[in-house]
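Engineer: starting from these lines, generate the structure:
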Amino acid sequence: MSKEILKVVNIEKYYGSKNNITKAINNISFKVEQGEFVGVMGASGSGKTTLLNCISTIDKVTSGYIYIGDQELTKLNSKKIAAFRREELGFIFQDFNLLDTLTAYENIALALAILKRDHKEIHKRIIDISEKLNISEVLNKFPYEMSGGQKQRVAAARAIITNPSLILADEPTGALDSKSAKVLLDSMESLNSSMNATIMMVTHDAFAASYAKRILFIKDGKIFNEIIRGKDSRKEFFNRIIEVVTLLGGDQRDVF
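Structural biologist: Numbering: from 1, shown residues only. Just a heads-up that it's a prediction; the model follows:
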């Protein structure tokens, strides 16, 4: 039986004052099981980024509950949230968020050093993950010496190196050209299958979304639709994604 990694129960997120309230998230519930690769799509302003921010503990829900494993995030104080984020969550951001003064090796190692892991263990893990993500040749380079695709794969290595319960990717291909985006998505797909990494990716890009096994479509703060890849090829799944995007209204390049 699959282990439940993420459980979102009736969450709502309101912004504004009494007379001018915006419902960014309107009663959303869903689950993510261990080893799933879930995509989240929606128009700008649909609530998808707010949803990711609430799950990542960057933002707090107005009501409802979020569980990662058996931990209810809505009850954690700020100190426990910081520790939880370090130990249980991995992040891949659109703009890489690497430290310019550290090499790729040091950027990846930092996540483990904060957790006070042994030097030999850190080295072994970095060598292993760098081979999986094909970044061995850039480990001694600084971010300014790397391509965008290499930087994002270093960021992916940093996200997975601590063996987090959940990896949250926010528009990970947004700053990449199409070739680099494909290499990154192939790498994320590999992490998902070979390491059973659980990934939740917010994206506006149907091509990126086609790498996921399940897509949640968000509209006006609610789940509008959900599709599961099943035995579809990636091309077939891509076509189904486009169909839902069209249902949401307009051309996907304009809407997403």
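
Engineer: please count neighbours and contacts with C-alpha atoms only from this point.
Structural biologist: Will do.

Engineer: these two touch, right, residue 144 and residue 100?
Structural biologist: Yes - if you go by Cα atoms under 8 Å, residue 144 and residue 100 touch, sitting 7.2 Å apart.

Engineer: surely residue 9 is within a helix?
Structural biologist: No - using DSSP: H, G, I helix; E, B strand; the rest coil, the secondary structure at residue 9 is strand, not a helix.

Engineer: which residue packs closest to it, ignoring adjacent ones?
Structural biologist: Residue nearest to residue 9 in three dimensions, not counting chain neighbours: residue 29, with 4.6 Å by Cα to Cα, 6 or more residues apart in numbering.

Engineer: do you know how far residue 211 is from residue 113?
Structural biologist: With distances taken as Cα to Cα, to the nearest Å, residue 211 is found 32 Å from residue 113.

Engineer: for residue 167, name its beta-bridge partners.
Structural biologist: With DSSP bridges applied, residue 167 shows beta-bridge pairing to residue 90, residue 199.

Engineer: and it, how many residues sit next to it?
Structural biologist: Applying other Cα atoms under 10 Å, we find 23 residues neighbouring residue 167.

Engineer: check contacts around it.
Structural biologist: 89, 90, 91, 92, 159, 160, 197, 198, 199, 200 (Cα atoms under 8 Å, 6 or more residues apart in numbering).

Engineer: can you give me the buried ones in the helix or strand encompassing residue 237?
Structural biologist: Using DSSP states H and E, residue 237 sits within helix 234-248. Neighbour-count burial for helix 234-248 flags 234, 237, 238, 240, 241, 242, 244, 245, 248 (criterion: 16 or more other Cα atoms under 10 Å).

Engineer: just those now: which is nearest residue 121?
Structural biologist: The nearest member of those to residue 121, counting by Cα to Cα, is residue 234 at 36.4 Å.

Engineer: that older thread, got a markdown table for the contacts of residue 167, with pLDDT and neighbour count too?
Structural biologist: Formatted as a markdown table, those follow (pLDDT from 0 to 100; neighbours: other Cα atoms under 10 Å):
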| residue | pLDDT | neighbour count |
| --- | --- | --- |
| 89 | 93 | 21 |
| 90 | 93 | 26 |
| 91 | 92 | 25 |
| 92 | 92 | 24 |
| 159 | 93 | 22 |
| 160 | 92 | 25 |
| 197 | 93 | 22 |
| 198 | 96 | 25 |
| 199 | 96 | 27 |
| 200 | 97 | 23 |
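
Engineer: ok, so of those, who is nearest residue 45?
Structural biologist: Nearest to residue 45 among the contacts of residue 167: residue 200, at 18.6 Å, using Cα to Cα.

Engineer: the closest one contacts residue 41, doesn't it?
Structural biologist: No - with contacts defined as Cα under 8 Å, residue 200 does not count as touching residue 41, sitting 10.9 Å away.
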